[in-house]
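>>> When you get a sec, could you give me coordinates for this:
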Amino acid sequence: MLINFAIGALVLFILVMVVFFTPPQKLSMPFVARECTGHAWKRKFPDAEAQTIREFLYLLTESMGFERKDKLKFLPEDQLFEIYRSIYTSKYILVDAFECERFLKVLSDKFGKAEDALFDACNSSSNITLGDLFQLVAKRG
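Next comes the predicted model:
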């Protein structure tokens, strides 16, 4: 009986350590090699405030588990699922940490857009880009 308790406690401890103390994901190519992409975002969305763009990209890096300093390594043309696949490089992944779903949820919360609309947009196109998502959430009304 005591051994079962000890094994259960150990498993719980390991799970807590994995969930709460997982180091940030490392960016892979081509993202890691990029300089600041702020100019590309301003060219694509000239009327958007820089702070809004940075907040959008911060939510992306947080949701994907990247470091905050990497937020300006992503271009408007980057596809959401390509970023996801840069984390999970094997095609045989059975479990993930719901990074894309988390990103859409925090976008919905932050920008006040219907979560269903964001999920529908992603489901309708596996090629949806960060620029497409930014346009959906940043437009007024």
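>>> got the residue ranges for the helices in the protein?
Using DSSP state H, the helices of the chain run over residues 2-20, 38-44, 50-64, 80-87, 99-111, 115-124, 130-138.
>>> Make CSV from those and add mean pLDDT to it.
What follows is the helices of the chain, written out as CSV (pLDDT from 0 to 100):
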stretch, mean pLDDT
helix 2-20, 66
helix 38-44, 95
helix 50-64, 93
helix 80-87, 82
helix 99-111, 87
helix 115-124, 76
helix 130-138, 91
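>>> Which of these sits closest to Val32?
Proximity to Val32 (Cβ to Cβ) singles out helix 80-87 among the helices of the chain, at 9.5 Å. Every C-beta, even on glycine, is put in place using the N, C-alpha and C of the backbone.
>>> Which elements pack onto the closest one?
Where contact means 3 or more Cβ pairs under 8 Å, 6 or more residues apart in numbering; DSSP states H and E, helix 80-87 is packed against helix 50-64, helix 99-111, helix 130-138.
>>> circling back to that earlier point, Asp70: which of the helices of the chain is closest?
Of the helices of the chain, nearest to Asp70 by Cβ to Cβ is helix 50-64, at 5.5 Å.
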